[in-house]
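Visitor: what's the 3D shape of this:
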Amino acid sequence: MLIFEICGYIAGICTAVCFLPQTVKTIRTHDVAGLSLLSYIVYALGMLCWIIYGYSLQSVQMIIFNAPALIFALLIIWQILHRSNTGIKQ
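Guide: Numbers count the residues shown, from 1 in each chain. Here you go, the predicted model:
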């Protein structure tokens, strides 16, 4: 049983940080040319749903592991909208 718990925590950590390198690179370079806005919107919606589902189950792990992924996705969405020629510019 412990192996499954460990596997779950490893999966959660991987999910939580999987977009960290892309987020850091996008913020540093301001290059959003190869990024899909729709993909990140769908991903962010999925993360939000996991957080809501985790809240309904009172699963702290689901909330903790999905919240950073949602934040990273939202940062990339903001960068795409802010930096893209077709997005909204300030």
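Visitor: What's the separation between residue 1 and residue 7?
Guide: Taking Cβ to Cβ, to the nearest Å as the measure, residue 1 falls 11 Å from residue 7. Yep, even glycine has a C-beta here, placed from its N, CA and C like the rest.
Visitor: Compare those two and say which one has the larger neighbour count.
Guide: residue 7 (10 against 5; other Cβ atoms under 10 Å).
Visitor: Next, work out how far apart the more buried one and residue 58 are.
Guide: In terms of Cβ to Cβ, residue 7 sits 21 Å off from residue 58.
Visitor: Mind jotting down where the helices sit in the protein?
Guide: 2-17, 20-29, 37-57, 60-83 (DSSP state H).
Visitor: and the ones you listed, which is most packed in?
Guide: Among these, helix 60-83 has the highest mean neighbour count (mean count of other Cβ atoms under 10 Å), at a mean of 18.
Visitor: So what's the gap between that helix and the chain middle?
Guide: Relative to its chain's centre, helix 60-83 lies at 4 Å (Cα atoms, centre = their mean, to the nearest Å).
Visitor: likewise stretch 51-65?
Guide: The chain centre lies 15 Å from the centre of stretch 51-65; the measure is Cα atoms, centre = their mean.
Visitor: Need the distance between the two termini of that stretch.
Guide: 9 Å (Cα to Cα, to the nearest Å).
Visitor: Quick one: mean pLDDT for that stretch?
Guide: Averaged over stretch 51-65, pLDDT sits at 93.
Visitor: For the residue nearest the centre of the chain, give its distance to residue 32.
Guide: Centroid-nearest residue in the chain, with Cα atoms, centre = their mean: residue 69, separated by 2.9 Å. Residue 69 sits at a distance of 19 Å from residue 32 (criterion: Cβ to Cβ).
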